[in-house]
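Visitor: Provide a 3D model corresponding to the input given below.
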Amino acid sequence: MKWTQDRSGNVEDRRGAGGGGLLGGGLITMIIAAVVYFLGGDPSAVLNSGLGSGMQQTEQRDLTAEEMKVQEFISMLTVENEQTWEKIFAENSMQYRPAKVILFSGVTQSGCGTAQAAMGPFYCPNDESVYMDLSFFKELESRFGAQVTEFSVAYVLAHEMGHHVQNILGTLQKTEQLRRSGNYTEAEMNRVSVATELQADFYAGLWARYTDNREQFLEPGDIDAAISAAQAVGDDNIMQRSQGYVQQEAFTHGSSAQRKQWFLKGYESGDIRQGNTFDQLLR
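Guide: Residues are numbered from 1 along each chain as shown. Here you go, the predicted model:
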C-alpha cells in the first residue's frame with residue numbers, strides 16, 4: 001500500500017513508557033485463550049475478571065527508529081480512517097467523532113480494564129479507543145497462516161474502527177442490552193456476536209473502498225492480504241488449528257468464508273446501507 005501524507009493527532013504510543021498490569025496464569029490463561037486473536041471482541045469480561053495473578057513491570061526507554069516508523073504508519077492509517085468516516089457520516093447527515101488509537105507493548109490499562117498483548121487488538125467502547133500490541137501480527141502469521149503485510153495491519157485497524165462506528169450508531173449498546181436482558185441463550189448471543197463482528201469486517205471493506213477512491217493508496221496484493229488476515233481469524237480456522245475440530249454453535253466472530261464475504265461486500269458495494277449482517281444471521 002502507498003503511504004499518504006496526513007497524520008492523526010489521536011494516536012498515543014505507550015511503548016517504552018513503563019507501567020505494570022496483571023499477568024495471568026492457570027485459569028486466566030485459559031480464559032484469555034478463548035479470545036486470543038479474535039478481532040474486536042468485547043474484552044471487558046476478561047479484563048475485569050480479577051483472575052490475574054502477579055505483576056509485570058516494564059522499564060521506561062526511548063523508542064527505536066523502527067518503532068517510530070510504526071507509530072508514523074499507525075498515525076497515517078488513523079487519519080485515513082478519520083477522513084473516510086467523516087465523509088461517510090456526512091453523506092448520511094450524521095456527525096462522526098474520532099476514536100483514539102493506543103499502541104502498547106505487553107500490558108497497559110484501558111477503559112475496559114487491564115489490556116494484555118495476548119488478547120490481540122480490540123476496541124474499548126468505554127473510552128472509545130482502539131488498543132494494539134503489534135506483536136499480534138507475528139502470531140497471526142506464524143500460528144494462523146495469514147499473509148501479513150502493511151495492509152494486513154490496515155485491515156485490522158479498520159475492523160476495530162468499524163466497532164467504533166457501531167458504538168457511535170448505537171449498535172454496540174443494543175447488543176449489550178440483549179446480552180444483559182438474559183432472555184437469549186448462549187447460542188443466540190453467539191449469533192449476535194457473529195453479526196457484530198461481520199459488520200465490522202464490512203465496515204473495514206467499505207473504508208478500503210472509500211479511502212482508495214480518495215487516495216489511490218491500494219497496490220496489487222493489498223486486498224488479498226486483508227482477506228488472508230480475515231480468513232486467518234475465522235472461528236473455524238482458529239478452532240481447527242487450536243483444538244483439531246470445529247464447533248459452529250460456538251462461533252463468535254464468523255467463519256473464514258463469512259469474514260471474507262462481508263469484507264468484500266463492503267469493498268465492492270461502497271454502500272454503508274448494505275451492511276446489515278444482523279438481518280441474515282438472526283432470522
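Visitor: For this protein, just list every one of the helices.
Guide: Using DSSP state H, the helices of the chain run over residues 27-35, 44-47, 65-91, 136-144, 150-169, 171-181, 186-215, 222-232, 235-243, 256-269, 277-281.
Visitor: okay if I get the ones you listed as a markdown table plus mean neighbour count and distance to Asn126?
Guide: C-betas here are computed from N, CA, C, even on glycine. As requested, the helices of the chain are arranged in a markdown table below (neighbours: other C-beta atoms under 10 Å; distance: least, C-beta to C-beta, whole Å):
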| stretch | mean neighbour count | distance to Asn126 |
| --- | --- | --- |
| helix 27-35 | 15 | 17 |
| helix 44-47 | 20 | 8 |
| helix 65-91 | 18 | 19 |
| helix 136-144 | 16 | 21 |
| helix 150-169 | 24 | 10 |
| helix 171-181 | 14 | 11 |
| helix 186-215 | 22 | 17 |
| helix 222-232 | 23 | 26 |
| helix 235-243 | 16 | 26 |
| helix 256-269 | 21 | 26 |
| helix 277-281 | 15 | 23 |
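Visitor: As a markdown table, those helices with mean pLDDT and distance to Asn10 would be great.
Guide: Formatted as a markdown table, the helices of the chain follow (pLDDT from 0 to 100; distance: least, C-beta to C-beta, whole Å):
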| stretch | mean pLDDT | distance to Asn10 |
| --- | --- | --- |
| helix 27-35 | 36 | 25 |
| helix 44-47 | 46 | 22 |
| helix 65-91 | 96 | 6 |
| helix 136-144 | 76 | 20 |
| helix 150-169 | 97 | 11 |
| helix 171-181 | 93 | 19 |
| helix 186-215 | 96 | 16 |
| helix 222-232 | 93 | 22 |
| helix 235-243 | 88 | 30 |
| helix 256-269 | 97 | 23 |
| helix 277-281 | 79 | 27 |
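Visitor: want to try TSV for those helices, with distance to Ser8 as columns?
Guide: TSV is the format used below for those (distance: least, C-beta to C-beta, whole Å):
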stretch	distance to Ser8
helix 27-35	27
helix 44-47	25
helix 65-91	4
helix 136-144	20
helix 150-169	11
helix 171-181	22
helix 186-215	13
helix 222-232	20
helix 235-243	31
helix 256-269	22
helix 277-281	28
